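> Okay, sequence plus prediction incoming.
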Amino acid sequence: MIPFVKAHACGNDFLVVEETLANGKHAQMARLLCSRNYSVGADGVEFLERRSDGSFFLRLFNADGSEAELSGNGTRCVAAWLGFSEGLRETKMGTPGGEKICRVIECNEEHFLIETSMGIPKVEERVVHVEGVGDIAGAVVDVGNPHFVIFTNDGTFASHGLTWEDLGARICTHKDFPKGTNVEFVRVIAPNEIAFRIFERGVGPTQSSGTGTSASSAASIVLRGCNRTLDASSLGGAQRVVWNEGEQLMLTGPAQIVCKGEVSLQGIEA
Ligand SMILES: N[C@@H](CCC[C@H](N)C(=O)O)C(=O)O
């Protein structure tokens, strides 16, 4: 049995496991522990390394066992756990997708509101051809991990005659994205408000995404003239983005500690 913590940010749920317990079996552990029928269940596992200089480093494994560069919501969940268990109010966390600084803005027992520096997004318009569907115009957005943002006016977030879940699945594994991509379907509601749905690489449809919120907002600011301060809501709730010219994009949203416990690793070969 190994100790874990479960937390969620707008319904995007993560397990936090100490890196020292992984023994190189990160992918197998993520697949098992994220299983909603056979284990605790989550969208991903954040392996938390505590370095000798007092800093932290995170490796994120998606539910399918693939490794991602980072998660915005997952990083916030870890910051909430460090806030809850150790009273930390500002945490610097290295990730393969860049260093993130999380600052606790409010906390009440296990509920946290946290601001995270998400780096400077890169937005580039791109057309992707999907066999049997057609040319899909969108934007490739790099926020440390890859995203493809599609704008739609449809109230159900459908696009090109497909549901967002179906088109998301086709683009997530499209040959133009050899490492796969997260896919967002974005509706601009007002200059300071967008709504989106996310099909996550390595997971599928999820309630929310921190990097997806950042990518959707960045594309809306650059390509649709939205305000540099805006609210972005997904199925799991809203997050606030502030992206001042030439500065890092700042993402503010909630995170909640759900439980901690010990979980069986039975099913993983020794
Ligand atoms: N939900 C996350 C993103 C997790 C990583 C993603 N699935 C990927 O493979 O890039 C977030 O909150 O950012």
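Looks like it came in fine. Nothing here was measured: the structure is a model prediction, and the numbers come from that model.

> And the average pLDDT for stretch 63-81 is what?
If you average the pLDDT over stretch 63-81, you get 98.

> Let me see the ranges of the helices in the chain.
For the chain, applying DSSP state H gives helices covering 26-33, 72-86, 164-172, 210-224.

> For Arg228, see how far away Val183 is.
Per CB to CB, to the nearest Å, Val183 is found 24 Å from Arg228. All C-beta spots, glycine's among them, are computed from the backbone N, C-alpha and C.

> Neighbour count for the two, which is higher?
Neighbour totals were compared for Val183 and Arg228, and Val183 leads with 31 against 14 (other CB atoms under 10 Å).

> okay, the helices of the chain in a markdown table with distance to Leu249 next?
What follows is those, written out as a markdown table (distance: least, CB to CB, whole Å):
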| stretch | distance to Leu249 |
| --- | --- |
| helix 26-33 | 27 |
| helix 72-86 | 10 |
| helix 164-172 | 23 |
| helix 210-224 | 5 |
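
> Now render those helices as TSV, adding distance to the ligand and mean neighbour count.
Shown next, in TSV, are the helices of the chain (distance: least, CB to the nearest ligand atom, whole Å; neighbours: other CB atoms under 10 Å):
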stretch	distance to the ligand	mean neighbour count
helix 26-33	11	21
helix 72-86	3	25
helix 164-172	9	19
helix 210-224	3	27
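
> As a check, name the ranges of all strands in the stretch 1-150 of the chain.
For the stretch 1-150 of the chain, the strands defined by DSSP state E, counting those that start in this stretch occupy 2-9, 12-18, 44-50, 56-62, 67-68, 90-94, 100-108, 111-117, 122-130, 134-142, 146-151.

> Any buried residues in the second one, and which?
Residues of strand 12-18 classed as buried under the neighbour-count rule (16 or more other CB atoms under 10 Å) are 12-17.

> Okay, angle between it and strand 56-62 too, please.
Relative orientation of strand 12-18 versus strand 56-62 (axes from the mean of the first three to the mean of the last three CA atoms, to 10 degrees): 130 degrees.
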